[in-house]
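# Requesting a structural model of the entry that follows:
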Amino acid sequence: MDNLNHEIAALLYNMGIDKDNLGWGTRITILACVLLIAYIFTKIFHYLIIPAIHKITSKTKATWDDYLFNERMLSAICRLISPIVIYILLPFALENAPEVLDISLKICLVYLVVVTLRLINAFLNSLYEISNEHETLRNRPLKGIYQMINIVAIGVGIILIISILMDQNAATILAGLGASAAVLMLIFKDSILGLVAGVQLSANDMLRPGDWITMDKYGANGYVTEVSLTTVKVQNFDKTITTLPPYALVSDSFQNWRGMWQSGSRRIKRSLFFDVNTVRFCTEEETKTYIEKGWLSKEEAEHARPVNLQVFRNFTMKYLYGHPKINSEFLQMVRQMEPTTEGLPVEIYCFAASTEWPVYESIQGEVFDYLIASIPQFGLRLFQRPSGLDLNLINQNNS
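Next comes the predicted model:
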């Protein structure tokens, strides 16, 4: 910078201007020229360089440069030109006014730090947009990491501004802040925990924007719309928004339904409760009928006297295997559970060939409607607590 000042001084001396004998009128004129030069350089960059960069990026096949050199990013770079030019040329105009020069340079440096922080913010926003377009990174919760980097940059910028205004070394101020680290950690506790949780969620691939999660503790049951430094927003199915702290997803348990969506199938697991008094051996005529319909094999009938509930389980398995809306590649099972006071439960376990909620409920309803309607032909009856109508019928029959 000193060499530049000497070259400018030599140029002006050749023009008949001595920097050691400048009046205030001349200095103000030179200062106006400095501001004019800064303005011209800024306009040249804005009207010539930026359009040229846009033309170059528009001709490339890659999309990342369109985001990295977008209007917001280039405008932030443009703001750097004026303070840099003014900081370089200002000492010559105000060399004999050290106090004014010192204040002016401080103002210039502070402004330079501020516009640099805006440039960093624009750069991080561009990186976030690029990651959203990338197939691998779009589902990563990177927003919180970018926000934390931005906060760190702002913190460094504040320290630099303080050091500039106080004429102190930034390292000395940073060392002094070490004594108040405990207070800072308390103030930024949520941000620190959010950053650590965001890194864990991303590294372990525990959560992605668009995942369906359920967390009963916080009343969350819906799709993740945003993962930031301090909050995870979940849009529930009733269109309400539940806000969770990221560290809660690491410290507590939550259910992520992503695996179900990726498989293309959703589990059906429901039981039918039978009246134990209706479970009996099949008659010879029933056995013959069940064998003809394929609900009972001859080997099963010869091995032991068949039971109507056994035949119903075979019938259900055959029905599930032949159902076009049930995924036959996944586990299908009809099992008898432990008897309860509510009856004898028979659980149907299979997977619907759709993950869409309305379609899934339709398939599940279709399956159980058919099974419930088929139960009487096996001589079985579902268990049901007696209602007032049932008691009235019993009283009428007794009378």
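
# Going by C-alpha atoms from here, please, whenever you check contacts or count neighbours.
OK.

# tell me the pLDDT at residue 267?
Predicted confidence (pLDDT) for residue 267: 93.

# What of residue 376?
With respect to pLDDT, residue 376 has a value of 94.

# Doesn't it lie inside a helix?
Yes. Under DSSP: H, G, I helix; E, B strand; the rest coil, residue 376 sits within a helix.

# Just give me the neighbour total for residue 151.
14 (other CA atoms under 10 Å).

# Tell me where the stretch 201-350 of the chain is predicted with low confidence.
Residues of the stretch 201-350 of the chain that meet the criterion pLDDT under 70 lie in 203.

# Going by residue numbers, what spans are helices in it?
For the stretch 201-350 of the chain, the helices defined by DSSP state H, counting those that start in this stretch occupy 246-251, 258-263, 284-292, 298-303, 308-322.

# what would these look like in TSV with mean neighbour count?
Shown next, in TSV, are the helices of the stretch 201-350 of the chain (neighbours: other CA atoms under 10 Å):
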stretch	mean neighbour count
helix 246-251	18
helix 258-263	13
helix 284-292	15
helix 298-303	12
helix 308-322	19
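
# of the ones you listed, which approaches residue 222 most closely?
If you check each of the helices of the stretch 201-350 of the chain against residue 222 by CA to CA, helix 258-263 wins as the nearest, at 11.7 Å.

# tell me, which helix in the protein spans the most residues?
helix 98-133 (DSSP state H).

# Show me which residues of stretch 85-98 are buried.
Using 16 or more other CA atoms under 10 Å as the test for burial, stretch 85-98 gives 85-87, 89-95.

# these two touch, right, residue 58 and residue 67?
No. The criterion here is CA atoms under 8 Å, and residue 58 misses it with residue 67 at 10.9 Å.

# Need the nearest residue in space to residue 328, chain neighbours excluded.
Residue nearest to residue 328 in three dimensions, not counting chain neighbours: residue 321, with 6.2 Å by CA to CA, 6 or more residues apart in numbering.

# Please apply the same query to residue 119.
Here the residue nearest residue 119, using CA to CA, 6+ apart, is residue 76, at 5.0 Å.

# cool, residue 101 as well?
In this structure, residue 101 finds its nearest non-sequential neighbour in residue 94, 5.5 Å apart by CA to CA, 6+ apart.

# doesn't residue 102 make contact with the one you found?
No. If you go by CA under 8 Å, residue 94 and residue 102 don't touch, sitting 9.2 Å apart.

# Now the terminal residues of stretch 245-264, how far apart.
30 Å (CA to CA, to the nearest Å).

# what residue ranges in the stretch 1-150 of the chain score low on pLDDT?
Residue ranges of the stretch 1-150 of the chain with pLDDT under 70: 1-27, 93, 95-97, 134-142, 144.

# Show the residue spans covered by the helices in it.
Counting by DSSP H, counting those that start in this stretch, the helices of the stretch 1-150 of the chain are 2-14, 24-44, 50-59, 64-68, 71-93, 98-133, 143-166.

# give me every residue that touches residue 39.
Residues counted as contacts of residue 39 (CA atoms under 8 Å, 6 or more residues apart in numbering) are residue 82.

# Could you check how far it is from residue 367?
On the measure of CA to CA, residue 39 and residue 367 end up 75 Å apart.

# and if you look at residue 91?
86 Å.

# repeat for residue 245
Applying CA to CA, the value for residue 245 to residue 367 is 40 Å.

# For the helices of the stretch 201-350 of the chain, give me CSV that also has distance to residue 129.
Formatted as CSV, the helices of the stretch 201-350 of the chain follow (distance: least, CA to CA, whole Å):
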stretch, distance to residue 129
helix 246-251, 21
helix 258-263, 23
helix 284-292, 64
helix 298-303, 64
helix 308-322, 46
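
# For residue 278, find the nearest of the ones you listed.
That would be, of the helices of the stretch 201-350 of the chain and by CA to CA, helix 308-322, which comes in at 8.8 Å.

# quick revisit: adding distance to residue 329, write the buried residues of stretch 85-98 out as CSV.
Shown next, in CSV, are the buried residues of stretch 85-98 (distance: CA to CA, whole Å):
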residue, distance to residue 329
85, 70
86, 72
87, 72
89, 76
90, 77
91, 79
92, 81
93, 82
94, 83
95, 84
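
# what's the closest of those to residue 356?
The closest of those to residue 356 turns out to be residue 85 (CA to CA; 60.4 Å).

# That closest one against residue 38, yeah?
Yes. Contact status for residue 85 versus residue 38: in contact at 5.6 Å, counting by CA under 8 Å.

# Walk me through the domains of the chain.
Residue ranges for the domains of the chain, per automatic domain parsing: 2-199, 203-257, 264-378.

# As TSV, the ones you listed with distance to residue 386 would be great.
Below are the domains of the chain laid out as TSV (distance: least, CA to CA, whole Å):
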stretch	distance to residue 386
domain 2-199	52
domain 203-257	34
domain 264-378	12
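
# Please name whichever of those is nearest to residue 385.
Of all the domains of the chain, it is domain 264-378 that lies closest to residue 385, at 8.0 Å by CA to CA.

# How about the residue nearest to the spatial centre of the chain: what's its closest non-neighbour residue?
Central residue of the chain (CA atoms, centre = their mean): residue 209, 3.1 Å from the mean position. Leaving aside its chain neighbours, residue 209 sits nearest to residue 224 (5.1 Å; criterion: CA to CA, 6+ apart).

# these two touch, right, that neighbour and residue 208?
Yes. Using CA under 8 Å, residue 224 is in contact with residue 208, at 7.3 Å.
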